[in-house]
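K.L.:
Please find the sequence and the predicted model below.
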Amino acid sequence: MLTSDWIAKSHQKILPIGLDIGHSAIKMVQLSLSDDGVGVLAFDRAPVDTDPMMADETRQQLITRTIQQMLGRTRFKGKEVISALPADKLRITSLRLAEAERFDAERALRKEAAHRFGLDARVDAIKYILAGSVRQGDELKSEYIVFATDEETIRNHITLLEEAGFQPCGIDAGPCALFRNFERLMRRQEDREHTIIFVDIGHRYTMVAFGRAGEICFVKQMAFGTARFAEDIAGKLGISTSDAESLRLKMASDESVDASTRRLVVDTLHGTAEQLAAEISLCLRYYTVTFRGKRVERAVLAGGGVHETALLDVMRHHLAIETEVAEPLRGFVAGRGDGSAERQTLSADFALAVGLSLKGTHASMSRAVPSEDRPEPILEGALS
């Protein structure tokens, strides 16, 4: 951890806590800015129950208690937080408009997104970014990435954060936070000329963001995560998913599993990994067809899925481009007491939380109003 001496150094700014509420774990990271660069002020990780049948109210209470425990045992500063919306509540799509429609893009995109997702364009949160120009037949069109969610989801999320003791100052879209973490690594001229794929493989969802020249140009969110490995193993062996997950983890460090069971599990893992890799390959194909002449240079993998060797091997084979495991803190300065052992515990599944805290460097810090007087629902700074 960084010591108080380092914290007191010249012109240091403490950023909001980045909070990633996943389906199997909660990750929190808080960064700080000084003349020396970006440093890690505090971080923590805690498991949460992954039972998909758990009632929403019960799960919310569990999340609140877990966050309070994390805040009590770790040296986070202040209560300001930036959090990502739950993946299952965020809608994402790509829409195209004729060049002439760009002048009225706000109205056209909100109307189309509201129709597509069954939302109310007057009150629900609908944000967008321009991905680039694409040719459709003989016509040149503008492609937009649209992020949307309903007003109730925003309000419920803010309520959860407030009940946990936070002062929410931003709500982000997961793919944008993921991209923000690694956008700083694309500042070399050779990186800016190529496209890099950022993939976060979570417990139940996988996020894919393509970046080029410091901008997001394609986003995809898939209901496919590491939970599928245990589900498929359970189906093959006729056991519960919890037993299947225990077996999968045991095989990584224990040679006592009999050969026939081991082979069946390995084959199942590779088969499941092939399915996810095929979905990501489709994203790659869509991008190369849509944005002709834009070369994809490499892929950066984050999330808990990077710990599954079978998945990494299959991804490298399928994507056929340079593929590396994310290092969320690459380039960050180390303060006194910030030992290498501690920093190594910040594995690739902290990438999203780091990106959320980094949002504090350039996002609007207007605090969400904690009452019925809240302004129009926000997806605050998701596109910044």
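P.N.:
Good, I have the coordinates.

K.L.:
pLDDT score assigned to residue 307?
P.N.:
The predicted structure scores residue 307 at 84 on the pLDDT scale.

K.L.:
Number of residues surrounding the residue nearest to it when sequence neighbours are not counted?
P.N.:
Among residues not flanking residue 307 along the chain, residue 347 sits closest, at 7.7 Å (C-beta to C-beta, 6 or more residues apart in numbering). (C-beta placed from N, C-alpha, C; glycine too.) The local packing count at residue 347 equals 18, with neighbours defined by other C-beta atoms under 10 Å.

K.L.:
From residue 43, how far out is residue 347?
P.N.:
When C-beta to C-beta, to the nearest Å is applied, the distance between residue 347 and residue 43 equals 11 Å.

K.L.:
mind checking how far the residue nearest to residue 307 is from residue 330?
P.N.:
In this structure, residue 347 and residue 330 are 13 Å apart, going by C-beta to C-beta.

K.L.:
Which helix or strand contains the nearest residue to residue 184 once chain neighbours are set aside?
P.N.:
Across the structure, with C-beta to C-beta, 6+ apart as the measure, the residue nearest residue 184 apart from its sequence neighbours is residue 331 (6.9 Å). Under DSSP states H and E, no helix or strand contains residue 331.

K.L.:
Just to check, residue 331 is in contact with residue 181?
P.N.:
No. At 10.8 Å, residue 331 and residue 181 do not qualify as touching, with contact defined as C-beta atoms under 8 Å.

K.L.:
which stretches of the protein have low pLDDT?
P.N.:
Scanning the chain for pLDDT under 70 picks out the ranges 1-11, 50, 185-192, 254-255, 334-346, 362-384.

K.L.:
where along it do the helices fall?
P.N.:
4-7, 56-73, 105-117, 151-163, 174-183, 189-192, 227-237, 241-251, 259-290, 309-319, 340-344, 351-358 (DSSP state H).

K.L.:
Of all the ones you listed, which one is nearest residue 14?
P.N.:
Across these, the minimum distance to residue 14, taken as C-beta to C-beta, is reached by helix 4-7, at 7.9 Å.

K.L.:
Please name whichever of the helices of the chain is nearest to residue 144.
P.N.:
Of all the helices of the chain, it is helix 105-117 that lies closest to residue 144, at 5.9 Å by C-beta to C-beta.

K.L.:
what packs against the closest one?
P.N.:
Of the remaining helices and strands, those touching helix 105-117 by 3 or more C-beta pairs under 8 Å, 6 or more residues apart in numbering; DSSP states H and E are strand 91-98, strand 125-136, strand 139-149.

K.L.:
Okay, buried residues for that helix please.
P.N.:
Along helix 105-117, the positions that meet the burial threshold by neighbour count (16 or more other C-beta atoms under 10 Å) are 108-110, 112-114, 117.

K.L.:
ditto for stretch 318-331
P.N.:
Across stretch 318-331, burial judged by 16+ other C-beta under 10 Å covers 318-319, 321, 323, 326-329.

K.L.:
now stretch 137-146
P.N.:
Across stretch 137-146, burial judged by 16+ other C-beta under 10 Å covers 141-146.

K.L.:
so residue 121 sits right up against residue 110, yeah?
P.N.:
Yes. Between residue 121 and residue 110 a contact is recorded at 4.4 Å, counting by C-beta under 8 Å.

K.L.:
Residue 76 touches residue 28, doesn't it?
P.N.:
Yes. In this structure residue 76 lies within contact range of residue 28 using C-beta under 8 Å: 6.9 Å.

K.L.:
Between the two, which contacts overlap?
P.N.:
Among the neighbours of residue 76, those also in contact with residue 28 (C-beta atoms under 8 Å, 6 or more residues apart in numbering) are 17, 42, 44.

K.L.:
Beta-bridge partners for the second one, please?
P.N.:
To tie it back to what came earlier, the one meant is residue 42. Here residue 42 shows beta-bridge partners residue 30, assigned using DSSP bridges.

K.L.:
how many other residues sit next to it?
P.N.:
For residue 42, the count of nearby residues is 20 (other C-beta under 10 Å).

K.L.:
What separation is there between it and residue 357?
P.N.:
From residue 42 over to residue 357 the distance is 10 Å, taken as C-beta to C-beta.

K.L.:
what do the two both touch?
P.N.:
Where contact means C-beta under 8 Å, 6+ apart, the residues bridging residue 42 and residue 357 through contact with each are 29-30.

K.L.:
Backbone dihedrals for residue 295, please?
P.N.:
When quoted as degrees, to the nearest 10, the phi and psi of residue 295 stand at phi -80, psi 130.

K.L.:
Just confirm it contacts residue 194, I think it does.
P.N.:
Yes. Shown here, residue 295 and residue 194 form a contact pair, counting by C-beta under 8 Å, at 5.2 Å.

K.L.:
Tell me which of these two has more neighbours.
P.N.:
Shown here are residue 295 and residue 194; by other C-beta under 10 Å, residue 194 has more neighbours (16 against 11).

K.L.:
so who does that one touch?
P.N.:
Remark: with contacts taken as C-beta under 8 Å, 6+ apart, residue 194 is in contact with 212, 295-298.
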